[in-house]
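missing the sequence, but the structure's below:
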């Protein structure tokens, strides 16, 4: 377990400045957030997510500080003894054949950060950038990267004050680490490029002054240690993983509502069936659906066997649950592993060259997860058609139209929503093409086999985003069906979800634009304000 004690950070002052506003922000954060002491235990996916949201802050533990100091000492001793060290006595990448004199090693470090400032695309959100800092810290505190504790202290300070690097999302091939996006972290520490302050970009040096800090000078190899890792891909994967877990549980609850709406056969979720082929995820989802059905009436079923989108929901959503379960271990290994090169063996006093920056595991996890998540979108999209189709929905109005009488012919209820969910689902399914299969030889063929891990992570984030929207649309349709049915008094879960949705979205009594309804429901989902049930994966 990580020790959760409140410890205030005190970054080593290489040019401190004072700031009452910064002190107040720090005090406010510390008063409400728990502190994860780095170096005492590994960070979990949920720890990274909490740090990304500002619900936790970090502090550098004494053991981590000692390890980092010793790794720096070993690195400098090897450098003084004329050992060949990548990024110190040599240039980088295919330019490894270029020798660098000792007195220029620090200059090389800065230039390595500068030359990679070629990122493009959207800028990562503050939560995403905070997750990146958390994951990079988890690697550096292992004490194998040869960086001073000051580097970790500065990252801790940026997290605590929520002053975060503006990191473009595009430009990494996922090997030699996330060099381009992580160069924006290194640059921020030296006062270059931009930091986000309360959601607004500011020149880095100005933003640092605002929290009582001045730019630092990176020593030899320190920029490389900050950049030469999988922190961006891993951070984005953590956030997508947490969102996918939430989708998995809500998909079970929505499926139960769909089953009730179409007078489905509850026998499909009987524990005997799922124990007979006992995949963990399948059994778990079937149990969730049984719980969410409440007290089903098997005599109310209108058919012996429901369509696969209901009958096989435990199997489809169960694959996602299983994927979440087995990827957790690998993702958390990546969070806390040393994704750097070269690495420092402090016990035997060696500097070793390898490829731990390779993001193949993270890329593979993302490719697997995005297939599982997209299939949940497809499942729920099919359920929406069951709800809207009079041939399938056990007597509900076509398209769940809420108007009766002569004017009903001018209304179309959820008809357009079925088109929208189809479009979103198609986009999610299109993105399931494995990003890791698109290795490209680059950088004069030095990086001749790369995993495209960060591309896979961005794909996963988008697939999860699309699936969240589909889930909300189908949930809105189920709430409409529930209103038309007069409620489900025997299903507490359905009642709770319906009540939460109806706090922000009224019933669809007559046709209206539904974009705001979808956005409001999506806000409930992402804010964890939908009572979809507990989930432990």
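Perfect, thanks for sending it. Model, not experiment: these values are computed from the prediction. Numbering: from 1, shown residues only.

chain neighbours aside, what residue packs nearest to residue 168?
residue 119 (3.0 Å; CB to CB, 6 or more residues apart in numbering). To be clear about C-beta, it is placed using only N, CA and C from the backbone, and glycine gets the same treatment.

dump the residue contacts of that neighbour.
Contacts for residue 119 (CB atoms under 8 Å, 6 or more residues apart in numbering) come out as 167, 168, 169, 170, 171, 180, 181, 183, 184.

go again with 6 Å.
168, 171, 180, 181 (CB atoms under 6 Å, 6 or more residues apart in numbering).

that one and residue 276: what is the separation?
51 Å (CB to CB, to the nearest Å).

can you name every helix or strand that the strand or helix carrying residue 373 contacts?
With elements taken from DSSP states H and E, the one containing residue 373 is helix 360-388. The contact analysis (3 or more CB pairs under 6 Å, 6 or more residues apart in numbering; DSSP states H and E) places helix 360-388 against helix 231-261, helix 308-311, helix 313-336, helix 415-430, helix 453-485.

name every strand pairing with the helix or strand that the third one is followed by and say which way it goes.
Read in the C-terminal direction, the helix or strand following helix 313-336 is strand 343-345, with elements assigned using DSSP H and E. Based on DSSP bridges, the strands next to strand 343-345 in the sheet, each with its direction, are strand 350-352 (antiparallel).

for the stretch 1-150 of the chain, give me the ranges with low pLDDT.
1-32 (pLDDT under 70).

all strands of it, in order?
In the stretch 1-150 of the chain, the strands defined using DSSP state E, counting those that start in this stretch lie at 34-38, 56-60, 120-123.

looking at the ones you listed, which is buried most?
Ranked by mean neighbour count, the strands of the stretch 1-150 of the chain are led by strand 56-60 with a mean of 24 (mean count of other CB atoms under 10 Å).

partner strands of that one and their direction?
Here, using DSSP bridges, strand 56-60 pairs with strand 34-38 (parallel).

gap between the strand it pairs with and the chain center?
Here the centre of strand 34-38 is set off from its chain's centre by 20 Å, with CA atoms, centre = their mean, to the nearest Å.

again, but for stretch 398-409
That offset, for stretch 398-409, works out to 42 Å (CA atoms, centre = their mean).

I'd like the numbering to begin with 29 instead of 1 from here.
Okay, residue one is now 29; in that scheme the one you just asked about reads as stretch 426-437.

measure it end to end?
11 Å (CA to CA, to the nearest Å).

quickly compare the helices and strands packed on helix 388-416 and say which is most buried.
It is helix 259-289: most buried of those by mean count of other CB under 10 Å, with a mean of 27.

and that one, what does it pack against?
helix 73-80, helix 154-168, helix 308-321, helix 341-364, helix 388-416, helix 481-513.

quick one, which of those helices gets closest to residue 240.
Nearest to residue 240, of all these, is helix 154-168, at 17.9 Å by CB to CB.

identify the residues contacting that closest one?
Against helix 154-168 from outside (CB under 6 Å, 6+ apart): 66, 71, 76, 79-81, 175, 180, 183, 187, 192-193, 195, 224, 257, 259-260, 262-263, 266-267, 363-364, 366-367.

tell me the gap between it and the middle of its chain.
11 Å.

now it against strand 62-66, angle please.
For helix 154-168 against strand 62-66, the angle by axes from the mean of the first three to the mean of the last three CA atoms, to 10 degrees is 30 degrees.

returning to that earlier point: let's have the helices and strands packed on helix 388-416 in JSON lines, adding mean pLDDT.
Compiled in JSON lines, those are given as follows (pLDDT from 0 to 100):
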{"stretch": "helix 259-289", "mean pLDDT": "98"}
{"stretch": "helix 336-339", "mean pLDDT": "98"}
{"stretch": "helix 341-364", "mean pLDDT": "98"}
{"stretch": "helix 443-458", "mean pLDDT": "98"}
{"stretch": "helix 481-513", "mean pLDDT": "98"}
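
just put those helices in a markdown table and tack on distance to residue 465.
Compiled in a markdown table, the helices and strands packed on helix 388-416 are given as follows (distance: least, CB to CB, whole Å):
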| stretch | distance to residue 465 |
| --- | --- |
| helix 259-289 | 16 |
| helix 336-339 | 29 |
| helix 341-364 | 18 |
| helix 443-458 | 15 |
| helix 481-513 | 10 |
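
which of those helices sits closest to residue 386?
helix 481-513 (8.4 Å).

following that closest one, which helix or strand comes up?
Next element after helix 481-513 (DSSP H and E): helix 520-530.

and the pLDDT for the residue lying farthest from the centre of the chain?
Using CA atoms, centre = their mean, the residue of the chain lying farthest from its centre is residue 434. It sits 49.6 Å away. Note on residue 434: pLDDT of 92.

and it, what does it touch?
Contacts of residue 434 by CB under 6 Å, 6+ apart: none found.

now it: how far from residue 416?
From residue 434 across to residue 416, the span is 22 Å (CB to CB).

what of residue 270?
To residue 416, residue 270 is 31 Å away according to CB to CB.

among the contacts of residue 147, which two are most distant?
Once CB to CB is applied, the contacts of residue 147 give 196 and 208 as the farthest pair, at 7.6 Å.

which one's more surrounded, these two?
residue 208 (23 against 18; other CB atoms under 10 Å).

what's the distance between the host helix or strand of that one and the middle of its chain?
In the assignment (DSSP H and E), residue 208 maps to helix 207-217. Taking the mean of its C-alpha atoms, helix 207-217 sits 20 Å from the chain's own mean (CA atoms, centre = their mean).
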